[in-house]
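Q: Sequence and computational prediction follow.
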Amino acid sequence: MTVRREIGPKYVLLVGDGMADYPLAELGGRTAIEAAHTPNMDRIAACRVGLVKTIPTGLSPGSDVANLSLLGYDPTLCLTGRAPFEAASMGVALGEREVAFRLNLVTLDHRSDGEIVMVSHSSGDIPTPEGRTIVETLQRDLVLPGVKIHPGVAYRHLLVWEEGPLAAETIPPHDVLDQNMGSYLNPERRDPIVAVIRRSWDILKDHPVNLTRRAQRLNEANSIWLWGQGKALRIPRFRDKFGLQGGVISAVDLLKGIGVYAGLQPIVVEGATGYLDTNYAGKAREAVTALNDLDFMFVHVEAPDEASHNGNINEKIQAIESFDEKVVGPVLEGLERFPDYRVMVASDHFTPISIKTHASDPAPFAWAAKGELASGKRGGAFTEASAKASGLYFEKGCELMPSFLGRV
């Protein structure tokens with residue numbers, strides 16, 4: 001006699017990174033979410049919508065902090081820095097004495113000795129093949145005792161430094177776009193981080209990749225930028241916290257690394273880039289397929305955040321609409337074949353176009369169960385305003401996940 005394994009409820013968390021925004025005059029006082037066509041998120045919001053404080057008071061509004069909160073972890077208890085998560089995603093094991101740093105390839109405009117402007121935190125969204133070519137050169141030429149450089153994706157890479165300066169002042173480059181970084185980069189400060197950054201300038205100035213980008217009038221990767229440092233950390237596995245076997249889909253090493261630490265199975269999707277051209281449909285398809293064997297899926301889409309950092313309103317609206325149409329919609333359709341499920345959509349944090357960086361405001365979320373969606377409720381709106389008006393609010397972000405899973 002064949003014994004069938006009982007299929008329990010399926011749970012899906014869909015995150016549109018940085019979707020939340022402030023009202024924009026260019027959109028007639030609407031936010032990008034309000035201007036976007038989002039029927040699938042609106043359908044979920046008709047059942048339940050609210051706000052969640054993903055950034056605890058006193059912590060910087062990074063994606064590491066926000067997504068740890070959404071997954072049910074308290075960042076104030078476990079976070080040492082974002083770079084260790086990226087190391088985990090890349091399969092780089094950190095020794096006890098090693099400090100990991102996020103290494104961005106950035107574009108600086110050297111206008112004078114005292115005026116060095118951060119033009120792009122991503123070297124104009126440099127593609128992965130070009131970024132890796134530059135990192136190969138850095139591995140060869142930027143030789144420092146106890147330092148190893150590891151290639152990542154696009155502009156996002158990793159530097160591991162034995163006995164590195166864990167307490168050094170570092171600045172997320174997307175926080176200082178269009179700002180003068182001359183005082184921070186002043187060699188008279190005798191800062192070890194600044195010294196490494198400045199050493200990269202001569203190596204990258206006339207790099208073949210940059211010469212080609214210069215000829216094409218594209219932003220050059222003319223500097224590295226170190227930030228987000230931390231040491232290896234320990235957090236409980238998601239399965240041990242909630243009794244669910246889960247997976248993660250993201251094009252971003254940071255999010256995949258959080259998943260690795262949480263014991264979530266990383267699922268690779270061909271064509272997932274982290275940009276507007278990412279393979280949305282592939283993420284949705286692989287997420288639903290993975291639920292044949294897993295109980296929980298965390299699907300992350302970076303594109304709205306990148307558009308926000310670039311200050312591009314139209315691209316942000318396009319990214320939100322693509323997320324809704326090509327990820328949320330197909331996931332809802334695919335979930336219908338399971339006896340029971342719950343699905344949540346969320347913005348991990350605000351990334352307002354007006355400031356081109358992250359903000360700490362409580363972020364909107366919405367979730368619904370299969371039966372609630374089947375009831376055909378209408379009139380929902382997944383927006384910042386509707387989330388606030390609902391009165392549903394989680395002061396501690398890490399308490400949203402247990403509520404979503406029915407563990408409270």
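A: Sure thing, it's come through. Numbers count the residues shown, from 1 in each chain.
Q: From the centroid of the chain, which residue is nearest?
A: Nearest to the centroid of the C-alpha atoms of the chain, with distances taken as Cα atoms, centre = their mean, sits residue 63, at 5.0 Å.
Q: Kindly export stretch 262-280 (C-alpha atoms) in CSV.
A: What follows is stretch 262-280 as a C-alpha-only set of coordinates in CSV (Å, rounded to 0.1, in the frame of the first residue of the first chain):
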residue,chain,number,x,y,z
ALA,A,262,18.9,30.9,8.0
GLY,A,263,19.3,27.5,6.4
LEU,A,264,17.1,28.4,3.4
GLN,A,265,17.8,26.5,0.2
PRO,A,266,19.2,28.9,-2.4
ILE,A,267,17.5,28.4,-5.8
VAL,A,268,19.3,29.7,-8.8
VAL,A,269,17.3,31.4,-11.6
GLU,A,270,18.9,31.9,-14.9
GLY,A,271,18.8,35.5,-16.0
ALA,A,272,18.2,36.9,-12.5
THR,A,273,20.2,40.2,-12.6
GLY,A,274,19.0,42.4,-9.8
TYR,A,275,18.1,45.1,-12.4
LEU,A,276,15.0,46.0,-14.4
ASP,A,277,15.8,43.3,-17.0
THR,A,278,15.8,40.5,-14.4
ASN,A,279,14.0,37.2,-15.1
TYR,A,280,10.8,37.9,-13.2
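Q: And the next helix or strand past the helix or strand residue 314 falls within?
A: Per DSSP states H and E: residue 314 is located in helix 313-323. Counting by DSSP H and E, the element after helix 313-323 in chain order, helix or strand, is helix 329-335.
Q: for that following helix, packing partners?
A: strand 10-16, helix 39-45, helix 280-290, strand 341-346 (3 or more Cβ pairs under 8 Å, 6 or more residues apart in numbering; DSSP states H and E). C-beta: built from backbone N, CA, C; applies to glycine.
Q: Mind checking the pLDDT average for the helix or strand following the third one?
A: In other words, helix 280-290. Next helix or strand after helix 280-290 toward the C-terminus (DSSP H and E): strand 296-301. Taken as a whole, strand 296-301 has a mean pLDDT of 98.
Q: buried ones in stretch 297-316?
A: Using 16 or more other Cβ atoms under 10 Å as the test for burial, stretch 297-316 gives 297-310, 312-313, 315-316.
Q: Not counting stretch 262-273 itself, show me its contacts.
A: 71, 73, 89, 128, 153-154, 235, 237-240, 245-251, 256, 259-260, 278-279, 282-283, 286-287, 290, 294, 296, 298 (Cβ atoms under 8 Å, 6 or more residues apart in numbering).
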